[in-house]
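[1] Got a predicted model here, sequence first, then my questions.
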Amino acid sequence: MTTDDHVVFIVDDDGRIREALGELLEAHGMRAIAFGSAGEYVNAEKPDVPACLILDVELPDINGLELQRQIAVGDHPPIVFITGHGDIPSSVRAIKRGAVDFLTKPFSDGDLMVAVHTAISEDRKKRSERAELSQLRQRYLELTPREREVLPLVVSGLLNKQAASELGISEVTLQIHRRNMMQKMGTASLADLVRIAERLEIPVNHSRRGGGN
Amino acid sequence: MTRVWSYRPQLLHLGLFFAAYILGCGFAQALAIVPGTGISIWPPSGLFIATLILAPKQSWRWWVLVGCLGELFGNILWFHSPLPAAVLIYVGNALGAMVGAWLVNRALGRPVRLETLREVLVFVVLGAGAAPVVSATVGSATLAWFGILSQTFLGAWPLWWIGDATGVLIVAPLALVVIQNWNSKAELSAARWIEACAVGLILLGVAALSLGGYLPFSYIIMPPLLWAAVRFEFKGAAVTLALLALVTAIFTISGASQFAGNAENQRHSQIMLQLFLAISAFSALVVAAISRQHQLALLTLRQSVEALRDRERELSQIVNMVPVHIRRLTPEGEPTFFNKRLVDFFGLDLQQLNRPGTSQLVANIETLVHPDDAPSLLQAVRHAVATGEPYSMKYRMRRADGVYRWVDGRAEPLRDEGGKILQWYAISIDIDDEVRAHEALRDRERELSQLVDALPVHVWSWTPAGELAYVNKRSLADLGLSKANLEDAVRVAQKLVHPDDAPEVLRASANSLKTGDVFMMRYRRRWKDGNYRWIEARAQPLRDQDGAIVHWYQVSIDIEDEMQAQEALRNREREFSQLVDMVPSLLWRLSPTGEPTFFNKRMMDFFGVDPREANKLDTSGRVAIIESAIHPDDSAEMAKALNRSLATGKRFSMRYRLRRADGVYRWVDGSAEPLRDESGRIVQWYGLSHDIDDQLRAEETLRESERQLRRLVDALPTLIWAAAADGEPIYLNRRLAEYVGLTLVDLDSPDASRLQMAIQNSVHPDDTASVGQALAHSFTTGETFTMKYRHRRADGTYRWIIGRAEPLRDTDGTIQQWYGVSFDIDDDVRTQEELRRTQERLAVASQAASLAELSASIAHEVNQPLAAIVANSHACHRWLSVEPPNVERATTVAERIIRDANAAADIVSRIRALFRQSPETRNSTTLASVITEAGGLMAEEGARRRVRMDISVENNLPPVTLDSVQIQQVLINLIRNGMDAMDLIAGEKVLEVQARRVGSEVQTEIIDCGRGIGSPDRIFEPFFTTKQHGMGMGLAICRSIVEAHGGRLWAEENEPRGARFIFTLPIATKAAP
């Protein structure tokens, strides 16, 4: 039953908890890797598969919430907090920062498994989105400089004529650039292109309403 | 043949001989007056003999050959004899000549001078007698044999013999004279020449008269002939004979002579003529020889006399000129001769000394000899005369000028062959100077000896071998030596030299003895008292002309005092030097022109000069050090200041920086003053640089700290003042001045003191009196002043302040100053109530919080194993639920569940144990204070929850040993439980706390009037709670605490309602340590 398409990381300073959780997850057919501290987890080599992080709030090196704050800047698996004595402010703060659940010890296996499954599926989704975005970024990077200039003008809704004048090139030339750009970005419609630009967070400086200003 | 040729006479001589031979032949022919007899006289025989006598024998053959040629030539001219006869005649002639010459040479030796009678006689006998025998015999035989002129042998032989003999007698002397004197000049005086001429004339006259027949007797010629022979000796005789022969020949040839007779007596005449000539010649020669002999004897005699006279004169001169007095005495001792020096010495001669009646000797001695010496001299002379022994004596003789002078007199006798004394010869030598010199020398020597002995030094002399030869008396006295134990250098060194110095002394002395170098050393010598004293010994060799060492002289001077003085001086100098070096300052010295001539050791160290280099440091080196060490910023100014001082002679003083060896610049205070000589001229500058860096920095730090302190004092939000010992304010800090709006100046008033003015102007009127009184009390008693009172601020408002003042006392305890501070406590006073309340609330909160926190911690501790248990349980369940069930894994998990559950139970028991521990925090306290405190803490909560607390504690409760914090927590927990229990009841809520002594325990009861206890047995179990929000830990913990203190906690139902929690604590039985 144990599969390699996902993994559960356990970070808890109490060896009994690590042992029991590992046993429980294994009994549910899930692969688990346990760490005794935040530092061990951060420094460990981790498999690049959809994952879940079961994180104890009270850790010997740094607080679990602090670890959450630190790894928030990068890609990380969704977190399920567990704590010996949970207080409301901590749980609120953890959930606000994107924790999947905040379980107080002792917890039932049902609650834990739900949270773990939710976290893994969330991560799987997040990963595919990241892959798609990465593909889009790659496409965008393949554009020529002129095409990158043309893209925001088109997305902002300028007419070809206006865009050409903005760039100081002929309309025909602009049309060639536009066609090439659309083709490279793998989109057929302007609507798609607008959506892609949003996802890529390409700044749009012009609008038809803004006119020449 | 070579020999023959080498002895060939000169050709000239041979030629002359040849010519003379022929001339002789002609002369003989002319004189042959007897016809038929041939030869009358034969001159060639004389010539021949004379020549051969003089010529060396080896050349005779040459002369014989030439003679033969001459004879043959004469034969051809005149004789006309047949050649064999002529040759035979010549052979006879030559043989005769050779025999004669050989005999004469043999008898007389060479040269033949014919100066004595003997010589003449030998010549006449052998030359003129024997030789013609040979020639006459041969010639007469020849004539007879050949019958020439019809001669018979006997008839011819006498003629021939006489002819030849006459020829020899006449011609040979002439030839000898001519040949021998050919080159010598005859020195004849004019008188002799006249005499010679006169004799010649007389001879010629007498010869002419006698031979001319005017005088009857031809021998009358003899007197003039002999005269010439006597006067002119051999030469005169020879010449005269020649003349006579010539004259005779002339007269005979002319026939005028008596020898020219007629035919019958021709032979007789011939013989007479020959005899005449022969006798004349013989006589003349003999007389000449005698005369010559006589003359020689006379000459010799004259020369001898002359020589004798010279000798006598010399002797006389010697006797008179020898610087010795010489006397001659008779054998009886009477003086008979004084030499000139003696006469000159006395100024008297013998005659003048002669005194009639006394002996000459006695008179002489009494007159001329010093009276002290006269008797002994007289006695000595008499003794000598009597015994004949020589005498020798020194005595004084009076000189002509009356001065007595020492003489050394001696006399010895002259004896004849028989030993009889002929004369006494006496001499006396003036030795006065010598004697006096000797005396002077002795005096000098004595003086020197005294000097050497008196000198306060040790004078020794050594032999070149190193043996002690002389030691002066002082040495003997000082060193306790005796002359007997003078020894060699080694023994002396062993005895007298300090053992430490001895090896060096021995080495040096041995070296000096070997090399002859001067010995000079300072060492310690042992005095007779056993003490060693320092001496300086010098020894020098005395050398003779060849440079060989004769003696060593050594002088040793006692320099003990000097050495001690030097030692003292050195010590003082060392002390001074140490002083200079150890003074913790840099000392230096400058020349009048400013060059540094000395740095002390500290200075060297300061500059980091290597101590080994320090001695080699010269002025330029010091200048370099100074120039490099002085701070560049100070350099110019210092040079200026120094030059000004050098120019004016005024004291130099300046602060500047010097670089220390470690490179750090340090401030020094440099000063220098000149040392002047009597004339006021500057000799040296003595300077001192004192390191004031630390001082400067300390001062700077002090100033800085004072500044900071003042700023601090001024900046402190405190009012600070200072007053003199009598209380008069002397300082107000800025804050105080601003606060009261007054300065010290404002307090000066003619009517009142500053203190009174300050109190009147700044203190609240209600407090003025009490403040003044309290201050006066403090100022008089010296007690600290502390008081709260109201101060009037500059804006006119009054604020509470607390004023304090304390005295500053000196070491004697006398008050120097008062320092006071005043804190504005107005705000404090106002907030005090509130603050106190807040504090109480805080205390309560903290007590409550601590118990809650403890509970949370316990919950976490228990939660961990619980969580593990739960998770494991689910896993176990899961393993057992699968198909087929994984029993193996389930069993493992179940074992873990048991393990974790036990762990949780351990945790709880450990918590309970926790409260039983910590006895060290307990102390003996009265429970009343703890209860009061807890009541105070809960008072506010009680008021909020409308609960009345009645606390009653029995008086004089004995102290119990407890941890007041834990017991307080028990109390608070029980009180709060009681309050909780009464929350929901209506009516009056009263909580009673009672404490009393029960037996050996103190019993405390907390009584509420709540709902009471449902199950009094379980309430003390952990986690049992009757509350909505409770952990169920409180009572369990409380029981643990109480039981840990050795007490009990239990609960009872209260009548009519409520609950009663009771705990006991044992009374402290022994005093806490």
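    Here it is on my side, so go on.
[2] contacts and neighbour counts: CA atoms only from here.
    Fine.
[3] So which bits of chain B are right by chain A?
    B:856, B:859-860, B:863-872, B:874-875, B:878-879, B:893, B:900 (C-alpha under 8 Å from any C-alpha of the partner chain).
[4] any idea what B:Lys616 is structurally, helix, strand or coil?
    coil (DSSP: H, G, I helix; E, B strand; the rest coil).
[5] got any ranges where chain A has weak pLDDT?
    Within chain A, the ranges that satisfy pLDDT under 70 run A:1-4, A:85-86, A:205-213.
[6] Show me which residues of it sit near chain B.
    Contact residues (C-alpha under 8 Å from any C-alpha) of chain A with chain B: A:14, A:16-17, A:20-21, A:23-25, A:27-28, A:84-85, A:105-109.
[7] Among these, which ones are in helices?
    A:Arg16, A:Ile17, A:Ala20, A:Leu21, A:Glu23, A:Leu24, A:Leu25, A:Ala27, A:Asp109 (DSSP state H).
[8] Give me the buried subset of the residues of chain A next to chain B.
    Buried members of the residues of chain A next to chain B, counted by 16 or more other C-alpha atoms under 10 Å in any protein chain shown: A:14, A:16-17, A:20-21, A:23-25, A:27-28, A:84-85, A:105-107, A:109.
[9] ok so, going back, just the closest of the ones in helices among the residues of chain A next to chain B to B:Ala411, please.
    A:Arg16 (161.3 Å; C-alpha to C-alpha).
[10] At the geometric centre of chain A, which residue do we find?
    A:Lys126 (5.0 Å; C-alpha atoms, centre = their mean).
[11] per-domain residue ranges of chain A.
    A:7-132, A:143-200 (automatic domain parsing).
[12] Which of those sits closest to B:Gly727?
    domain A:7-132 (64.3 Å).
[13] starting at the chain centroid, how far to that closest one?
    16 Å (C-alpha atoms, centre = their mean, to the nearest Å).
[14] repeat for stretch B:344-360
    With C-alpha atoms, centre = their mean, you get 75 Å for stretch B:344-360.
[15] Same check on stretch B:167-177?
    With C-alpha atoms, centre = their mean, you get 100 Å for stretch B:167-177.
[16] do stretch B:425-433 as well
    The answer for stretch B:425-433 is 57 Å, by C-alpha atoms, centre = their mean.
[17] measure the residue of chain A found nearest chain B to A:Gly15 for me?
    Closest residue of chain A to chain B, C-alpha to the nearest C-alpha: A:Pro106 (3.8 Å). According to C-alpha to C-alpha, to the nearest Å, A:Pro106 stands 15 Å off from A:Gly15.
[18] any chance you could map the helices in the stretch 301-450 of chain B?
    B:340-346, B:350-353, B:360-368, B:374-387, B:432-454 (DSSP state H, counting those that start in this stretch).
[19] now these in TSV, with mean neighbour count?
    Shown next, in TSV, are these (neighbours: other C-alpha atoms under 10 Å in any protein chain shown):
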stretch	mean neighbour count
helix B:340-346	18
helix B:350-353	11
helix B:360-368	18
helix B:374-387	17
helix B:432-454	13
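[20] can you list those helices in JSON lines and add mean pLDDT?
    Shown next, in JSON lines, are the helices of the stretch 301-450 of chain B (pLDDT from 0 to 100):
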{"stretch": "helix B:340-346", "mean pLDDT": "84"}
{"stretch": "helix B:350-353", "mean pLDDT": "75"}
{"stretch": "helix B:360-368", "mean pLDDT": "81"}
{"stretch": "helix B:374-387", "mean pLDDT": "87"}
{"stretch": "helix B:432-454", "mean pLDDT": "86"}
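[21] Setting the sequence-adjacent residues aside, check what's closest to the spatially most distant residue from the centre of chain A.
    In chain A, the residue that sits farthest from the middle, by C-alpha atoms, centre = their mean, is A:Ser170; the gap is 41.2 Å. Spatial nearest neighbour of A:Ser170, excluding adjacent residues (C-alpha to C-alpha, 6 or more residues apart in numbering or on different chains): A:Ala164 at 5.6 Å.
[22] Extract the CA atoms of the helix or strand encompassing that neighbour and return them as PDB.
    Assigned by DSSP states H and E, A:Ala164 falls within helix A:160-167. Backbone C-alpha positions of helix A:160-167 (Å, rounded to 0.1, in the frame of the first residue of the first chain) are rendered in PDB as follows:
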ATOM      1  CA  ASN A 160      -2.100  47.800 -33.600                       C
ATOM      2  CA  LYS A 161      -1.700  51.300 -34.900                       C
ATOM      3  CA  GLN A 162      -1.400  52.800 -31.500                       C
ATOM      4  CA  ALA A 163       1.100  50.200 -30.400                       C
ATOM      5  CA  ALA A 164       3.200  50.600 -33.500                       C
ATOM      6  CA  SER A 165       3.300  54.400 -32.900                       C
ATOM      7  CA  GLU A 166       4.200  53.800 -29.300                       C
ATOM      8  CA  LEU A 167       7.200  51.700 -30.400                       C
END
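[23] what's in contact with that helix?
    Contact partners of helix A:160-167, identified using C-alpha atoms under 8 Å, 6 or more residues apart in numbering or on different chains, comprise A:Val150, A:Leu153, A:Val154, A:Ser170, A:Glu171, A:Thr173, A:Leu174, A:Gln175.
[24] Show me what counts as buried in that helix.
    A:Asn160, A:Gln162, A:Ala163, A:Ala164.
[25] next one: stretch B:948-955
    B:Met949, B:Ile951, B:Val953.
[26] ok, now stretch B:290-306?
    In stretch B:290-306, counting by 16+ other C-alpha under 10 Å, buried: B:Ile290, B:Ser291, B:Arg292, B:Gln293.
[27] Can you tell me which of these end up in helices?
    B:Ile290, B:Ser291, B:Arg292, B:Gln293.
[28] which residues touch the first one?
    In this case it means B:Ile290. By C-alpha under 8 Å, 6+ apart, the neighbours of B:Ile290 are B:Thr116, B:Leu117, B:Val230.
[29] JSON lines for the residues you listed, including neighbour count, secondary structure and pLDDT?
    Putting these into JSON lines (neighbours: other C-alpha atoms under 10 Å in any protein chain shown; DSSP: H, G, I helix; E, B strand; the rest coil; pLDDT from 0 to 100) gives the following:
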{"residue": "B:Thr116", "neighbour count": "20", "secondary structure": "coil", "pLDDT": "76"}
{"residue": "B:Leu117", "neighbour count": "18", "secondary structure": "helix", "pLDDT": "79"}
{"residue": "B:Val230", "neighbour count": "23", "secondary structure": "helix", "pLDDT": "82"}
